[in-house]
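>>> need a 3D model of the sequence below.
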Amino acid sequence: MNRYHAVLTTADIHVNRFDHAPHEVHTDPDEETSTRWAVAFVHAGSFTVTHGAVRRTLRRGSVLLSRPGERFRCMHHEECPTDTCLSVSFESDAATAIESTWADAEWPAREIATPRLAYVDRRLLDAVRHADTFSVERWALATVEALRYDTATRRGRYAARPADVDAIVAACEAIEADPTARRSIAERARAVGLTSTRLTHSFRRYLGESPHQYVIRWRLAHAASLRSDGWNVSESCYRAGFEHLSHFSRTFQRAFGVRAADWTALSPDERRRKVQALLLRRT
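Here you go, the predicted structure:
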């Protein structure tokens with residue numbers, strides 16, 4: 001018996017956890033048909049999926065893509081399956097702009113996720129565990145950006161390394177927890193057990209940017225939050241970790257498309273969308 005647990009439901013996105021009732025015999029149907037554009041991350045167990053002549057055995061760390069009307073077959077290796085997946089699916093109206101991304105990927109399933117998808121999978125799972133709705137939505141949207149980036153740059157030819165994912169996630173979480181901290185690349189690298197070169201290389205591979213660029217994005221998000229809380233432009237600049245007001249003002253306007261002085265004139269929803277877009281960029 002298949003079970004679906006809704007994690008997040010919006011007008012455009014659905015995040016669901018999929019598993020099976022424990023100790024119950026499961027019979028695989030001869031064929032299934034996808035109803036939505038979706039990305040599914042396998043977190044436990046294993047099963048074989050067949051799309052036409054393509055057959056893959058998926059297990060923890062694997063990724064499955066599906067699109068409406070696509071026919072496939074899943075075959076489990078156990079009488080009582082134990083596989084669990086976290087899926088992100090999109091309504092047809094919201095998928096108009098991403099159809100080409102699925103087509104360009106040229107794969108229905110990967111036994112080992114690409115670096116970008118592996119990173120997004122880990123961050124999405126952490127957000128689900130912490131019941132952080134804002135982050136769940138952010139990382140659900142990031143699945144499309146990761147797939148698009150991997151396809152456009154051919155980064156998808158690389159397989160993710162679990163140890164690298166652990167290190168990058170730890171480095172990113174440290175930056176997010178305190179974006180104002182002034183730490184060198186060497187210090188950040190030592191904290192996660194990497195060399196400076198390896199950390200920078202891994203950031204490029206898993207996030208598509210340098211550690212410094214990641215810090216700047218989170219400082220900008222922090223500055224936007226400070227402005228929303230009533231701090232003036234100068235106070236927001238220095239409290240967010242920027243040293244030069246003129247540089248901050250230019251960077252803020254370039255990132256958000258609005259001057260820092262005019263930030264509070266935007267509606268809360270518009271501010272939220274702009275911060276979300278900033279944090280999704282190159283993620």
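
>>> mind checking the SS state of residue 61?
Using DSSP: H, G, I helix; E, B strand; the rest coil, the structure places residue 61 in coil.

>>> list the residues that contact it.
When the contact criterion is C-beta atoms under 8 Å, 6 or more residues apart in numbering, the partners of residue 61 are 42, 112-113, 118, 160, 162. For every residue, glycine as well, the C-beta is placed using N, CA and C.

>>> same deal with residue 38?
The neighbours of residue 38, taking C-beta under 8 Å, 6+ apart as the test, are 65-67, 87-90.

>>> helices of this structure, start to end?
99-105, 115-129, 133-153, 162-177, 185-191, 196-207, 211-228, 233-239, 245-256, 268-280 (DSSP state H).

>>> between those helices, which one is closest to residue 71.
Comparison of the helices of the chain against residue 71 by C-beta to C-beta identifies helix 99-105 as nearest, at 15.2 Å.

>>> tell me the buried residues in the closest one?
Buried residues in helix 99-105, counting neighbours by 16 or more other C-beta atoms under 10 Å, are found at 101-102, 105.

>>> now swap in stretch 268-276 and tell me
Buried residues in stretch 268-276, defined by neighbour count with 16+ other C-beta under 10 Å: 271, 274-275.

>>> just to revisit the earlier point, among the contacts of residue 38, who's most crowded?
Highest neighbour count within the contacts of residue 38, by other C-beta atoms under 10 Å: residue 88, with 26 neighbours.

>>> center of the protein - which residue?
By C-alpha atoms, centre = their mean, the chain has its centre lying nearest to residue 120, at 3.1 Å.

>>> how much space between it and residue 102?
16 Å (C-beta to C-beta, to the nearest Å).

>>> same for the helix or strand of the chain with the lowest mean pLDDT, what does it pack against?
In the chain, the helix or strand scored least confidently by mean pLDDT, DSSP states H and E is helix 99-105, which has a mean of 81. Helix 99-105 makes packing contacts with helix 133-153 when contacts are defined by 3 or more C-beta pairs under 8 Å, 6 or more residues apart in numbering; DSSP states H and E.
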